[in-house]
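Q: model this:
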Amino acid sequence: MRIQFEFSDDAVKELDALKSKLNAKHRGVVINHAVGVLKWLVKEQRVKSKIVVKRKDGSNAEVIFPELENLLFDDEEKVEIDEHGNIVSKQPRRRSVP
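A: Numbering: from 1, shown residues only. As a prediction, the model looks like this:
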């Protein structure tokens with residue numbers, strides 16, 4: 001299936017740089033890979049997993065994905081994310097864990 005996207009010039013440059021680094025045949029390979037990673041992130045966020053990066057110096061840092069914050073809230077209390085990835089809602093309530 002063929003799908004058309006609109007990208008900014010900068011986004012196209014980033015996409016092409018990733019295509020080159022991944023030695024991908026075309027941009028669609030990079031996008032398919034990104035969708036797979038996002039699917040995994042969504043699955044992990046839904047079960048409240050923490051994604052942690054272990055740095056070369058041995059320290060750990062939790063990776064935060066503000067654009068996925070809606071997965072942590074009840075459906076009626078979804079938060080809004082601005083164009084910079086910041087949560088703009090006032091006081092969302094976290095979903096209770098059964």
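
Q: how's this protein carved up into domains?
A: The chain resolves into domains spanning 8-49, 51-93 when parsed by automatic domain parsing.

Q: For the shortest one, what is the distance to the chain centroid?
A: In other words, domain 8-49. Centroid separation for domain 8-49 versus its chain: 9 Å, with Cα atoms, centre = their mean, to the nearest Å.

Q: Between the two ends of it, how far is it?
A: Looking at domain 8-49, the gap from its leading to its trailing residue is 32 Å under the measure Cα to Cα, to the nearest Å.

Q: lowest-confidence stretch among the domains of the chain?
A: Taking the average pLDDT of each of those, the minimum falls on domain 51-93, with a mean of 72.

Q: quick one, strands of the chain?
A: Taking DSSP state E as the criterion, the chain carries its strands at 51-54, 60-63.

Q: residues contacting residue 3?
A: Not one residue lies near residue 3 by Cβ atoms under 8 Å, 6 or more residues apart in numbering. To be clear about C-beta, it is placed using only N, CA and C from the backbone, and glycine gets the same treatment.

Q: Just the pLDDT for it.
A: The score at residue 3 is 89. That number is its pLDDT.

Q: Residue 7 and residue 15 touch, don't they?
A: Yes: in this structure residue 7 lies within contact range of residue 15 using Cβ atoms under 8 Å: 6.7 Å.

Q: which residues does the nearest residue to residue 63 once chain neighbours are set aside contact?
A: Setting aside the residues directly before and after it, residue 63 is nearest to residue 51 in space (Cβ to Cβ, 6 or more residues apart in numbering), at 4.3 Å. For residue 51, the residues meeting the contact criterion (Cβ under 8 Å, 6+ apart) are 41, 44, 62-63, 65.

Q: For residue 6, see how far away residue 51 is.
A: 29 Å (Cβ to Cβ, to the nearest Å).

Q: before we move on, could you check phi and psi at residue 2?
A: Taking degrees, to the nearest 10, you get phi -110, psi 130 for the backbone angles of residue 2.

Q: Tell me how many other residues crowd it.
A: A count of nearby residues for residue 2, using other Cβ atoms under 10 Å, gives 4.

Q: Relative to residue 8, how far out is it?
A: Using Cβ to Cβ, which is the criterion applied here, residue 2 is 21 Å from residue 8.
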